[in-house]
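**Q** Turn this into a structure:
(one chain, ligands or ions: 2)
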Amino acid sequence: MFIDDTIAAIATAPGEAGIGVIRISGDQALKIVDLIFKSVRDKKLSEFTPRRLTYGFIYDPEKGDKIDEVLAVFMKAPNTYTKEDIVEINCHGGMIPVRRILELILKQGVRAADPGEFTKRAFLNGRIDLAQAEAVMDLISAKTDKGFDIALNHLEGSLSKRVEGFRNEILELLAHVEVSIDFSEEDVDEITLDLLLEKSLGLEKEMEKLLKTADTGKILREGLSTVIVGKPNVGKSSLLNTLLRESRAIVTEIPGTTRDVIEEQLNIKGIPLKLIDTAGIRETDDIVEKIGVQKTKEFFNRADLVILMLDASRELTEEDIEIIDLIQNKKSMVIINKTDLPGQLDIDKITDLIGTKRMIKASLLEGQGLEEIETCLEEMVYQGQVRAKDHLMVTNIRHKNALERAINSLREGIQAINQKLPMDFIEVDYKNTWDYLGEITGDTVGEDLIDHIFKNFCIGK
Ligand SMILES: Nc1nc2c(ncn2[C@@H]2O[C@H](COP(=O)(O)OP(=O)(O)OP(=O)(O)O)[C@@H](O)[C@H]2O)c(=O)[nH]1
Ligand SMILES: [Mg+2]
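**A** Ligands and ions are numbered 1, 2, ... in the order given. Got it, this is the predicted structure:
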């Protein structure tokens with residue numbers, strides 16, 4: 001892909017703000033800005049030292065009108081975001097100044113940048129690889145501190161380095177294979193096979209370890225969809241409100257208060273949750289409630305995590321037992337609410353029914369058990385496998401798929417070694433492994449995929 005034009009875009013979010021930034025990248029950047037920028041003493045930007053913020057004004061070169069008061073900076077290739085010449089203009093925030101200045105720049109023959117085109121150029125010009133470019137997007141869209149930390153880590157190349165490490169090991173194995181193909185026509189010596197097997201198994205283990213982080217990674221990126229279920233009136237909406245720290249859902253003493261599904265985003269200990277409050281599950285003739293119950297079941301099936309609520313002040317009913325049955329195969333926890341009231345619930349029986357699932361006693365009315373609920377949610381996400389401090393995590397589904405394919409190819413290679421198949425077979429499997437890993441860093445992907453990835457970026461990045 002040959003890049004020869006100069007592009008410009010507004011880099012800041014639309015709306016009222018302190019400043020707005022317009023970014024121009026390409027070899028015409030400075031020349032164009034020289035046409036529209038003048039310092040207080042009528043000097044052009046090119047007469048100032050690069051990388052110094054310069055105070056001045058933007059003028060319409062045709063009419064001579066002053067457009068805005070700005071600070072402009074020129075950064076010379078190749079040490080810039082795109083590895084091209086870049087000019088950034090800081091003007092007043094708000095819709096008008098940024099739009100006026102951008103229009104003026106485009107009138108001078110600069111092209112409006114496509115979404116993500118600056119970052120795409122950084123990638124095409126070899127400053128960052130594809131995984132790093134994707135990390136830029138993740139940084140911008142991060143919803144939690146943890147998600148942001150992981151993205152920053154990826155941007156610095158942690159994931160890429162790990163993947164490149166795998167690829168180098170594959171290259172070494174390939175070298176062994178090629179030597180044996182060249183030299184021993186008939187029987188491949190046992191030592192080579194043993195060595196290949198041992199190294200491949202070691203590599204497979206390492207790659208699997210990385211793949212295992214993907215579940216947690218996905219949660220940190222997309223949020224954990226958590227649905228609260230239970231029979232009517234147990235305190236589901238109270239839990240939603242308490243965790244949100246606002247009174248979002250209607251809470252009354254009337255069973256069947258919540259009839260629709262209420263969805264809210266929140267952040268617990270750095271984990272983004274999509275918390276879903278539902279209509280209490282029960283047999284009902286009320287047509288609205290019936291639909292609500294049906295919806296509850298649909299959300300229940302799709303949820304990553306289920307919180308089952310029981311009422312300590314009432315005896316266990318058929319409805320409770322049915323719901324307990326439902327959660328058996330789900331990642332779930334049980335909250336016994338209303339422990340401030342005289343107890344009627346047979347806790348031993350519940351312990352029997354739920355087996356190893358976590359049970360927390362709470363009184364939402366008195367604010368009891370909340371800390372424990374939040375900690376439990378956190379533990380369920382990490383499952384003792386990946387700690388929050390681990391910033392090297394596969395968070396991107398594209399990376400996960402490529403890694404999975406790479407592992408499968410490597411496994412086929414291992415099988416080929418075990419079956420003592422000809423070296424050519426093993427070679428193909430190693431090459432596939434190498435290729436699939438290269439998809440993560442963008443080494444072995446086509447133009448279509450690259451275009452597709454950058455299309456989802458925001459304009460000006
Ligand atoms: N005593 C006591 N009452 C509680 C507690 N938590 C909730 N309640 C009360 O229980 C009643 C029902 O609470 P909700 O949160 O509306 O229950 P729900 O499960 O959403 O009910 P539906 O929407 O009808 O399914 C309300 O009157 C709450 O104030 C608690 O810990 N102790
Ligand atoms: Mg409710």
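**Q** residue ranges for the strands of the stretch 101-250 of the chain, please.
**A** 111-112, 224-229 (DSSP state E, counting those that start in this stretch).
**Q** Buried deepest among these, which one?
**A** strand 224-229 (a mean of 24; mean count of other Cβ atoms under 10 Å). Just so you know, the C-beta spots here come from the backbone N, C-alpha and C atoms, and that holds for glycine as well.
**Q** Is any residue of that strand near ligand 2?
**A** No. Applying Cβ under 5 Å from the ion, one finds strand 224-229 separated from ligand 2 by no less than 8.7 Å.
**Q** Quick one: list the elements packing against that strand.
**A** helix 236-244, strand 271-277, helix 287-302, strand 305-311, helix 318-327, helix 370-382 (3 or more Cβ pairs under 8 Å, 6 or more residues apart in numbering; DSSP states H and E).
**Q** what angle separates it from helix 287-302?
**A** Per axes from the mean of the first three to the mean of the last three Cα atoms, to 10 degrees, the angle that strand 224-229 makes with helix 287-302 is 140 degrees.
**Q** contact partners of strand 224-229?
**A** 236, 239-240, 271-278, 281, 296, 299-300, 302-309, 323, 326-327, 377, 381 (Cβ atoms under 8 Å, 6 or more residues apart in numbering).
**Q** Kindly supply the ChimeraX command isolating those of those that are buried.
**A** Listed next is the ChimeraX selection for buried residues among the contacts of strand 224-229, using 16 or more other Cβ atoms under 10 Å:
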select :236,239,240,271,272,273,274,275,276,277,278,281,296,299,300,303,304,305,306,307,308,309,323,326,327,377,381
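**Q** For the lengthiest helix in the chain, enumerate the helices and strands it packs against.
**A** When the chain is parsed with DSSP state H, its longest helix is helix 158-183. Applying 3+ Cβ pairs under 8 Å, 6+ apart, one finds that helix 158-183 makes contact with helix 130-141, helix 190-212, helix 423-441.
**Q** Could you rerun that using 6 Å?
**A** Other elements packing on helix 158-183 under the criterion 3 or more Cβ pairs under 6 Å, 6 or more residues apart in numbering; DSSP states H and E are helix 190-212, helix 423-441.
**Q** list the helices and strands the last one packs on?
**A** What that stands for is helix 423-441. Looks like helix 423-441 contacts helix 130-141, helix 158-183, helix 397-418 (3+ Cβ pairs under 6 Å, 6+ apart).
**Q** May I see the buried residues of the last one?
**A** What it means is helix 397-418. Applying 16+ other Cβ under 10 Å to helix 397-418 flags 398-400, 402-407, 409-414, 416-417 as buried.
**Q** Could you list every helix and strand that the helix or strand of the chain with the lowest mean pLDDT packs against?
**A** Lowest on mean pLDDT, DSSP states H and E among the helices and strands of the chain sits helix 214-222, with a mean of 80. For helix 214-222, the elements it packs on are helix 145-155, judged by 3+ Cβ pairs under 6 Å, 6+ apart.
**Q** got the CA coordinates for the helix it packs on in CSV?
**A** Extracted in CSV, the C-alpha atoms of helix 145-155 (Å, rounded to 0.1, in the frame of the first residue of the first chain):
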residue,chain,number,x,y,z
ASP,A,145,-9.3,1.2,34.7
LYS,A,146,-8.4,-2.4,34.3
GLY,A,147,-9.4,-2.5,30.7
PHE,A,148,-7.4,0.6,30.1
ASP,A,149,-4.3,-0.8,31.8
ILE,A,150,-4.4,-3.9,29.7
ALA,A,151,-4.7,-1.9,26.5
LEU,A,152,-1.8,0.3,27.5
ASN,A,153,0.2,-2.7,28.1
HIS,A,154,-0.7,-4.1,24.7
LEU,A,155,0.1,-0.8,23.1
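**Q** so where's this structure uncertain?
**A** Residues of the chain meeting the criterion pLDDT under 70: 1-2, 184-188, 383-390.
**Q** Which residues of it lie near ligand 2?
**A** Lys236, Ser237, Thr257, Thr258.
**Q** can you do 8 Å?
**A** Contact residues (Cβ under 8 Å from the ion) of the chain with ligand 2: 232-233, 236-238, 240, 249-251, 257-258, 277-280.
**Q** Which ones among the contacts of strand 224-229 also lie next to ligand 1?
**A** For ligand 1, the contacts drawn from the contacts of strand 224-229 by Cβ under 6 Å from any ligand atom are Lys236.
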